[in-house]
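Q: Just the structure for this:
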Amino acid sequence: MADEKLKAQLAAAKARAKEAEQKAKADKKARKKSSTNPAEMGRMRQIVRAYQVTHEYDPALPWLMGGALLLPVLIGVVVGIIVGHWIYLPILGLSIGILLAMVILVQRAKKATYKRYAGQAGSAEVALGMLPKQWVSTPVIAVTRQRDAVHRTVGPGGIVLIGEGEPGRLKAILAGEVKKHERVAYGVKVTTIVMGDKEGQVPLDKLADHIRKLPKVLQAHQITDVKQRLRALDAVRPQIPVPKGPMPTNPRQMKGAKQAMRGR
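A: Below you'll find the model as predicted:
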C-alpha cells in the first residue's frame with residue numbers, strides 16, 4: 001500500500017514537473033514572439049523588424065529593394081528566353097535579386113539609424129557599435145554636468161577618444177583624458193576626435209569609417225595588452241550613472257534619464 005502511494009506521488013511530481021517545463025517553454029516562446037530585442041528574434045523577424053524601422057526614416061526603401069529584386073529576375077527571363085535557359089536563369093536572377101535587396105536593406109538601415117539618433121546626446125555610441133569586432137569600445141568614460149561626454153575605443157588604430165558636446169568644454173576634458181591614458185598606455189598612440197558637423201569635426205554618420213581608416217599601429221595581441229592596462233585606469237574612475245545608448249528625446253524618458261544622471 002505504501003509502495004502504491006509512493007508511486008502515485010512520484011507520478012504526480014513528474015506530471016507537475018512536465019507541466020512546469022511545458023509552461024516555461026510556452027512562456028519563452030511567447031516572450032520571443034513579442035520581444036523587440038534582436039537577440040531573441042528569429043532571422044526572418046530580424047529582417048522584418050529592420051525593414052519596418054528603416055522604412056520609418058527612409059520612404060524610398062520599398063522602391064529600392066523592389067527594383068533590386070525584380071531587375072535581375074527580368075534580366076534572367078530575357079536572357080533565358082534568348083539562350084534557351086528560361087527556367088534556370090530567372091531562378092538565378094531571383095537569387096541575385098534577394099541578395100541585392102538584403103545588401104540595400106543593410107546599407108539603408110545604417111543610414112536610417114544615424115538619422116534616427118542624430119543630434120541626441122550619446123549618439124556616438126551608435127557609430128561605435130558599427131565598428132568591426134577588432135575594436136573594443138567603452139562609452140561615456142567621462143561626462144560633464146552639461147552632458148559633454150568622452151567615449152573610448154581601442155583597436156588597430158590605437159586608443160581613440162571621441163568627444164561629444166560643446167567643443168570649448170571638450171578641449172579640456174579630452175586633454176585630461178589623453179594624459180591619463182598616456183600614463184598607462186606606455187607609448188601607444190592616443191587619437192582624439194570631436195564628433196559634430198562643424199569644420200574640423202567628424203559627423204556621426206562618418207565616425208565609424210573615420211576610425212576604421214586610422215593608420216594601424218596595434219596588432220591583436222597588443223590590443224589585448226592595452227585593454228588590460230586600461231582596466232586599472234577605469235577601476236579608479238567614479239561610477240557614472242548615465243543610461244546606456246543615446247539620450248532619449250521623449251519628455252517622460254528624459255525625466256527618468258536626468259534622475260539617473262543625478263543618481264536618484
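Q: Restricting to C-alpha, output stretch 110-119 in CSV.
A: The C-alpha coordinates for stretch 110-119 follow below in CSV (Å, rounded to 0.1, in the frame of the first residue of the first chain):
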residue,chain,number,x,y,z
LYS,A,110,22.7,52.0,-41.2
LYS,A,111,21.8,55.4,-42.6
ALA,A,112,18.4,55.3,-41.0
THR,A,113,20.0,54.5,-37.7
TYR,A,114,22.2,57.5,-37.9
LYS,A,115,19.3,59.7,-38.9
ARG,A,116,17.2,58.4,-36.0
TYR,A,117,19.8,59.3,-33.4
ALA,A,118,21.4,62.4,-35.0
GLY,A,119,21.6,65.3,-32.5
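Q: hang on, S137 packs against V160?
A: No: contact criterion CB atoms under 8 Å: S137 and V160 do not qualify, at 9.0 Å. Just so you know, the C-beta spots here come from the backbone N, C-alpha and C atoms, and that holds for glycine as well.
Q: Report the set of residues contacting both of these two.
A: Common contact partners of S137 and V160 (CB atoms under 8 Å, 6 or more residues apart in numbering): R152, T153, V154.
Q: Tell me the confidence at P238?
A: Model confidence at P238, given as pLDDT, is 68.
Q: Please read the previous query as pertaining to K244.
A: What the model reports as pLDDT for K244 is 53.
Q: Just send the shared contacts of S137 and V160 back as CSV, with neighbour count and distance to Q22 too.
A: Below are those laid out as CSV (neighbours: other CB atoms under 10 Å; distance: CB to CB, whole Å):
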residue, neighbour count, distance to Q22
R152, 22, 47
T153, 24, 45
V154, 24, 46
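Q: Now the residue nearest in space to the middle of the chain. Nearest residue, chain neighbours left out?
A: When CA atoms, centre = their mean is applied to the chain, the residue found nearest the centroid is G129 (4.1 Å). Counting by CB to CB, 6 or more residues apart in numbering, S137 is the residue found nearest to G129 once chain neighbours are left out, at 7.4 Å.
Q: Secondary structure of that neighbour: a helix, I assume?
A: No: the assignment for S137, made by DSSP: H, G, I helix; E, B strand; the rest coil, is strand rather than a helix.
Q: who touches it in this structure?
A: For S137, the contact set (CB under 8 Å, 6+ apart) comprises E125, L128, G129, L131, H151, R152, T153, V154.
Q: let's go with 7 Å and repeat that
A: S137 is in contact with L128, L131, H151, R152, T153, counting by CB atoms under 7 Å, 6 or more residues apart in numbering.
Q: can you redo those as CSV with distance to L204, pLDDT and secondary structure?
A: Compiled in CSV, the contacts of S137 are given as follows (distance: CB to CB, whole Å; pLDDT from 0 to 100; DSSP: H, G, I helix; E, B strand; the rest coil):
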residue, distance to L204, pLDDT, secondary structure
L128, 11, 91, helix
L131, 13, 92, coil
H151, 12, 94, strand
R152, 17, 94, strand
T153, 15, 94, strand
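Q: Same list, these, but as JSON lines with distance to L100 please.
A: Output for these, formatted as JSON lines (distance: CB to CB, whole Å):
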{"residue": "L128", "distance to L100": "28"}
{"residue": "L131", "distance to L100": "25"}
{"residue": "H151", "distance to L100": "34"}
{"residue": "R152", "distance to L100": "37"}
{"residue": "T153", "distance to L100": "31"}
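Q: This structure: helices as residue ranges?
A: Ranges of helices in the chain, per DSSP state H, are 2-34, 43-57, 61-83, 88-117, 124-128, 167-185, 204-212, 220-235, 251-261.
Q: now for the ones you listed, which one comes closest to Q146?
A: Checking the helices of the chain against Q146 by CB to CB gives helix 167-185 as the closest, at 6.5 Å.
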